[in-house]
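[1] Structure for the following, please:
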Amino acid sequence: MSSRPIRTFCDLSADGERLLERAMTQQGLSARAHNRILKVGRTIADIEDTPNIEPKHIAEAIQYRSLDRTYPTWNLPSLLSLAGSKGRSRIYWPNL
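    Below is the predicted model:
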């Protein structure tokens, strides 16, 4: 979804906008992250069958974004090849 449909379908209340602005400032998020949070918030609102994106939807989307930045993304094929090259039959995952 480009920026024009985002502005059309992801309209926020004043409280939701303040919450998102505060998260962007505190976490140092980019404009791209802003749009991603709006899209995830829209999806959460759609799942709840709510016509408007509420602050609770934005808060949940911000939490998902925080998780995305906290835990590394693992490349499973690389992990499997590393495990095989060292003769290990198990992959030890971090405690998440």
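[2] hey, what's residue 53 bridged with?
    With DSSP bridges as the criterion, residue 53 is bridged to residue 12.
[3] just checking, it touches residue 42?
    Yes - using C-beta atoms under 8 Å, residue 53 is in contact with residue 42, at 5.8 Å. Heads up, the C-betas are built off the backbone N, CA and C, glycines and all.
[4] and for these two, which residues touch both?
    Both residue 53 and residue 42 are contacted by residue 10, under the criterion C-beta atoms under 8 Å, 6 or more residues apart in numbering.
[5] Could you pull out the buried residues of the helix or strand containing residue 5?
    For residue 5, the element it lies in under DSSP states H and E is helix 3-9. Across helix 3-9, burial judged by 16 or more other C-beta atoms under 10 Å covers residue 6.
[6] and if you look at stretch 50-62?
    53-62.
[7] what does stretch 33-45 give?
    33-42, 44-45.
[8] And for it, what's in contact with it?
    1, 3, 6, 9-10, 12, 16, 20, 23-24, 29, 51-54, 57-58, 60-62, 64-65.
[9] One more pass at 10 Å, please.
    The contact list for stretch 33-45 (C-beta atoms under 10 Å, 6 or more residues apart in numbering) reads 1-3, 5-7, 9-12, 16, 19-21, 23-24, 27, 29-30, 50-65, 68-69.
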